[in-house]
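In: the sequence and its predicted three-dimensional model are supplied below.
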Amino acid sequence: MCTMIVQKVPVEGFGRGSDGWFDMNQANVSWDHPFHAPEEHALNIDFVNESYGPGARVAVELSFEGARQLVETIQAVLGEAEDRGLIGE
Amino acid sequence: MYTTDQYEGMLAETVAIRGGDGVRVLAYCARPLGEGPFPGVVLIHHMPGWDEWYREATRRFAHHGYVAISPNLYERFGHGSPEDVAAAVRADGGVPDDQAVADLEASMHFLRALPFVNGKVGVFGTCSGGRHAVLVASRVSGFDAVVDCWGGGVVMPDDQLTPQRPVAPIDYTADLNCPVLGLFGAEDHSPTTDEVAVHEEALKRQGKEFEFHMYEGAGHGFFYYHRPSYRQAQAVDGWDKIWAFLGQKLSN
């Protein structure tokens, strides 16, 4: 919240939190202070389901380069799956 | 100054106050044992939440002779690990300024009601808490000194104003009625040296009492010994400046 660079996006899926798997419904993406990464700022993604309380969270804290690479990799993997007709089976 | 033959005792515990909207807000309170009277300090936690560092800092103030209280500004986001709760707050762009100010005002009144407080109350904050410290001391009367440690967002361009943070704290400078100690790192990205200079200029223009220290070789959060941002020499000097400043401003 120091940078105020944050966005929420609906994401359906499942995440494994401290109490096991849960159905997540949102990703909170920010460029802000991380809790663990040894940097002043990081690309933070929290996969959450707010209805279960603050503990329903799967967190990652990525470097700028790592986050860019992840985005490109996800796009590439999804593209290949589409090309092979594996989406919406 | 403490001596080895001196008795020392401390009481530190979780207490509850009523926030500005009447909601129960937990707070961590630490005080030296004895009749006092002791000066009071409200500690405002940083963006990573109401965490272990802030409990330690609260006890540190008690060790130095202050009745210290640190309210949980994230109370309304539920309870869990400090990181999980802070992550939820981060996703919402922080707590609303009005709510934080009300909770901090309630904390100040909690201290003022205690029979062993000497009638002087300061406010200390780091990171977002530094910003909140400047903000509450500008909007609420009853504080006698402010310690702003690297509070980002005191200076805010219009495009950074949000429903939670609708007014930049610097815009309340004319209403600030107590002295300010500011500690900053020259390598910080928020606040930058330029932003600190703008704040300094506003304080000068309004004729306010303040002292700012810009530490070379330090960035954001240089007191945090558990983070790579820790800078030993600058942190030691910064704490010394805090004790000297509050010792002067909050004594009777």
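Out: On my side now, so go ahead. Numbering: from 1, shown residues only, chains lettered A, B, ... in the order given.
In: go ahead and confirm residue A:30 touches residue A:9.
Out: No. Here residue A:30 lies out of contact with residue A:9, judged by Cβ atoms under 8 Å, at a distance of 11.6 Å. Quick note: C-beta positions are derived from backbone N, CA and C, even for glycine.
In: now do the same contact list for residue B:155.
Out: Residue B:155 makes contact with B:168, B:170, B:191, B:195, B:198, B:199 under the criterion Cβ atoms under 8 Å, 6 or more residues apart in numbering or on different chains.
In: near chain B, which residues of chain A?
Out: Neighbours of chain B within chain A, by Cβ under 8 Å from any Cβ of the partner chain: A:1-4, A:6, A:8, A:28, A:30, A:32-33, A:35, A:38-41, A:44, A:46, A:48, A:50, A:53-55, A:57, A:59.
In: now those residues: which count as buried?
Out: The neighbour count (16 or more other Cβ atoms under 10 Å in any protein chain shown) marks A:1-4, A:6, A:8, A:28, A:30, A:32-33, A:35, A:40-41, A:44, A:46, A:48, A:50, A:53-55, A:57, A:59 as buried among those.
In: strands of the stretch 151-252 of chain B, residue ranges please.
Out: B:180-185, B:210-215 (DSSP state E, counting those that start in this stretch).
In: now do the helices for chain A: every range, in order, please.
Out: A:64-83 (DSSP state H).
In: chain center to stretch B:139-150, what's the gap?
Out: Relative to the centre of its chain, stretch B:139-150 is centred 8 Å away, using Cα atoms, centre = their mean, to the nearest Å.
In: can it be said to contact chain A?
Out: No. If you take Cβ under 8 Å from any Cβ as the test, stretch B:139-150 misses chain A, and the best it gets is 9.7 Å.
In: likewise for stretch B:119-136?
Out: Yes. Using Cβ under 8 Å from any Cβ, stretch B:119-136 reaches chain A at B:127, B:128.
In: mind listing what's buried in that stretch?
Out: For stretch B:119-136, the neighbour count (16+ other Cβ under 10 Å) marks B:120-136 as buried.
In: for the residue in the stretch 101-250 of chain B that chain A sits nearest to, which non-adjacent residue is closest in space?
Out: Chain A sits closest to residue B:228 of the stretch 101-250 of chain B, with a gap of 4.4 Å, by Cβ to the nearest Cβ. Spatially, and ignoring its direct neighbours in sequence, residue B:228 is nearest to residue A:38 (4.4 Å; Cβ to Cβ, 6 or more residues apart in numbering or on different chains).
In: repeat for residue B:175
Out: Nearest to residue B:175 is residue B:138, by Cβ to Cβ, 6+ apart, at 5.0 Å.
In: what separates the host helix or strand of the one you found from the chain centre, distance-wise?
Out: Using DSSP states H and E, residue B:138 sits within helix B:128-139. Centre-to-centre, helix B:128-139 and its host chain are 7 Å apart (Cα atoms, centre = their mean).
In: okay, the angle between it and strand B:180-185?
Out: 160 degrees (axes from the mean of the first three to the mean of the last three Cα atoms, to 10 degrees).
In: CA atoms of helix B:128-139 as CSV?
Out: The C-alpha trace of helix B:128-139 is given here as CSV (Å, rounded to 0.1, in the frame of the first residue of the first chain):
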residue,chain,number,x,y,z
SER,B,128,3.0,3.9,6.1
GLY,B,129,3.0,4.5,9.9
GLY,B,130,5.3,7.5,9.4
ARG,B,131,2.8,8.9,7.0
HIS,B,132,0.0,8.2,9.5
ALA,B,133,2.0,9.9,12.3
VAL,B,134,2.3,13.1,10.3
LEU,B,135,-1.4,12.9,9.3
VAL,B,136,-2.9,12.3,12.7
ALA,B,137,-0.7,15.0,14.4
SER,B,138,-1.9,17.5,11.7
ARG,B,139,-5.6,16.6,11.9
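In: returning to that earlier point: just checking, which of the buried ones among the residues of chain A next to chain B belong to strands?
Out: A:6, A:8, A:28, A:30, A:32, A:44, A:46, A:48, A:57, A:59 (DSSP state E).
In: quick one: contacts for the nearest residue to the last one once chain neighbours are set aside?
Out: When the adjacent residues along the chain are set aside, residue A:59 lies closest to residue A:46, with 5.2 Å between them (Cβ to Cβ, 6+ apart). By Cβ under 8 Å, 6+ apart, the contact set of residue A:46 is A:27, A:28, A:57, A:58, A:59, B:87, B:90, B:91.
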